[in-house]
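**Student:** I would like the atomic coordinates for the input below:
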Amino acid sequence: MIDPIESTTMRRVYSRLMPLLFAMMFFNYLDRINIGFAALDMNKQLGFSPAVFGFAGSIFFFGYMLLEVPSNLLLHRVGARRWIARILLTWGAVAAATAFVFNEYSFYVLRFLLGVMEAGFLPGVAVYLTKWFPQRYRARAVGGYIIAGSFSAVLGGPISTALMTYANGPLGLQGWQWMFIMEGVPAMLLGLLTLRLMTERPADAEWLTDAQKQWLESTLAKEREALGADKHFPMLRVASDIRVWSLACLFGCALVGVYGLFLWLPQIVKSLGNLSNLEVGFLSAAPPLLGVLGTLVISRSSDRTGDRKKHLAFVYGMSALAIAGSAYAPNPVIAYVLLCVTGLFIYAGNPLFWSLASSFRTGAAGAATIALINTVAQFGGLVGPWSIGLVRAATGNFKFALLTIAAFLVVATIIALVMRVTPSEDEIDALPAGDSRAGHLH
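**Tutor:** Numbering: from 1, shown residues only. Modelled structure (predicted):
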């Protein structure tokens, strides 16, 4: 039976932190994927080919990868509140500035800068949650804000295409330009709100009682001790951990599907019939809407059983089958239904990944571990959008592009089944004991 102090504390923490983190994640994902909706008009007006659009979608991740590890280490040094606020303010400004691209090179530069400014956000939030949520609550906590990405994709289509349709013309700007501006400004406002509302750690929380602070701090301290947070952990050992590379490769393959599919989803849906932008926006909402359901169900099942690996293998295996089936569907209706099934499963792997990544280590070692895993995994973002653009340009359709995504998801499934997620005995024995600098890196 759960101790009453535990249940009341975790309810208070969840209700205080999740709304703000949810809003951050909503606009984070929206500012990543809204180029997919802008492309319905922007590509034709500016003369962008599928290869140009795909490369612009991918170059975001190059900037993201360059600054990921430094950003997360700076977060550990200066504090999550100030660093996450900085990320929000700068990415919002660049996202809004995308309204003023005028050729392919300006498009490349702004997408690259968006990746640079956003670098460290997702792993930074994952590190922040380790300061507030014990391990047994973490998958649901991660799911509580990661699911905002699904809501962003659900509402992003109708919102973006409505802005493109009804905000077309004021001040001489096209609808897609107003869309970028009006979806970038909220991130900057959230940055200011973060400075005011975010609490760095439980000991600073005026909204918790002394008993609640004591329970939460002691519980998290015990978990850090069990993970070796009191031991000196060289940076080289973080990079040599086979678990880091296994999880990074797994999620990288999955991200080929996540970003490859959903950056192109509006154009894939458009290719299924003679549809208006608004119709495309609403039809594009169904796959991520089902992803919300999948995320909730899978996260709860994973927390209940304590298993992450088999759940990851299941969701990516089902995603591979569904998207491959969509490529061979005999008619557009069946193809669209199978795209919806893909959405049901493919999003559900995200909270499982972040829960695993944040469970390996704590402190500065934990921050570096999460950042390194996520940095390497972003090769999926580099490969996915660009490869679909190249295949689409070469073949004139999306069939082989969808099969490419399915192949990467099969690889992710296999890695999930065979990877090791606990440290080996040699790794545990190699750690020097008794260092007072928790999670210190060098």
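
**Student:** CA only for contacts and neighbour counts going forward, please
**Tutor:** OK.

**Student:** give me the element residue 310 is part of.
**Tutor:** helix 309-327 (DSSP states H and E).

**Student:** What sits closest to residue 191 if chain neighbours are left out?
**Tutor:** Nearest residue to residue 191, sequence neighbours excluded (C-alpha to C-alpha, 6 or more residues apart in numbering): residue 85, at 4.2 Å.

**Student:** Distance-wise, check that neighbour relative to residue 276.
**Tutor:** 38 Å (C-alpha to C-alpha, to the nearest Å).

**Student:** In terms of neighbours, single out the busier of the two.
**Tutor:** residue 85 (23 against 12; other C-alpha atoms under 10 Å).

**Student:** now for the host helix or strand of that one, which elements pack on it?
**Tutor:** Following DSSP H and E, one finds residue 85 within helix 80-97. Helix 80-97 is packed against helix 50-78, helix 104-118, helix 121-130, helix 175-197, with contacts defined by 3 or more C-alpha pairs under 8 Å, 6 or more residues apart in numbering; DSSP states H and E.

**Student:** To what extent is residue 132 buried, counted in neighbours?
**Tutor:** 22.

**Student:** That one contacts residue 199, doesn't it?
**Tutor:** No. Counting by C-alpha atoms under 8 Å, no contact exists between residue 132 and residue 199, whose distance comes to 10.1 Å.

**Student:** How about the secondary structure of residue 208?
**Tutor:** coil (DSSP: H, G, I helix; E, B strand; the rest coil).

**Student:** ok, it - contacts?
**Tutor:** 9, 12, 202 (C-alpha atoms under 8 Å, 6 or more residues apart in numbering).

**Student:** mind checking which helix or strand the second one is in?
**Tutor:** So that's residue 12. Per DSSP H and E: helix 4-46 holds residue 12.

**Student:** next one: residue 414
**Tutor:** helix 399-418.

**Student:** pLDDT on that helix, on average?
**Tutor:** Mean per-residue pLDDT for helix 399-418: 91.

**Student:** Which residues does it contact?
**Tutor:** 246-247, 249-251, 253-254, 256-257, 260-261, 309-310, 312-314, 316-317, 319-321, 323-324, 326-328, 384, 387-388, 391-392.

**Student:** Buried only: go through the residues you listed for me.
**Tutor:** Applying 16 or more other C-alpha atoms under 10 Å to the contacts of helix 399-418, the neighbour count classes 246-247, 249-251, 253-254, 256-257, 260-261, 309, 312-314, 316-317, 319-321, 323-324, 326-327, 384, 387-388, 391-392 as buried.

**Student:** Convert the C-alpha atoms of stretch 38-52 to CSV, please.
**Tutor:** Provided in CSV are the C-alpha atoms of stretch 38-52 (Å, rounded to 0.1, in the frame of the first residue of the first chain):
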residue,chain,number,x,y,z
ALA,A,38,3.9,25.3,-44.8
ALA,A,39,5.3,23.1,-47.7
LEU,A,40,1.8,22.7,-49.1
ASP,A,41,2.1,26.3,-50.4
MET,A,42,5.7,27.4,-49.6
ASN,A,43,7.4,24.9,-51.8
LYS,A,44,5.5,25.9,-54.9
GLN,A,45,5.8,29.7,-54.2
LEU,A,46,9.6,29.5,-53.5
GLY,A,47,10.3,26.7,-56.0
PHE,A,48,11.6,24.2,-53.5
SER,A,49,12.0,20.6,-54.8
PRO,A,50,11.4,17.5,-52.7
ALA,A,51,15.1,17.1,-52.2
VAL,A,52,15.5,20.8,-51.1
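
**Student:** So the nearest residue to residue 281 once chain neighbours are set aside versus residue 278, what's the distance?
**Tutor:** Nearest residue to residue 281, sequence neighbours excluded (C-alpha to C-alpha, 6+ apart): residue 157, at 4.0 Å. Separation of residue 157 from residue 278 (C-alpha to C-alpha): 8 Å.
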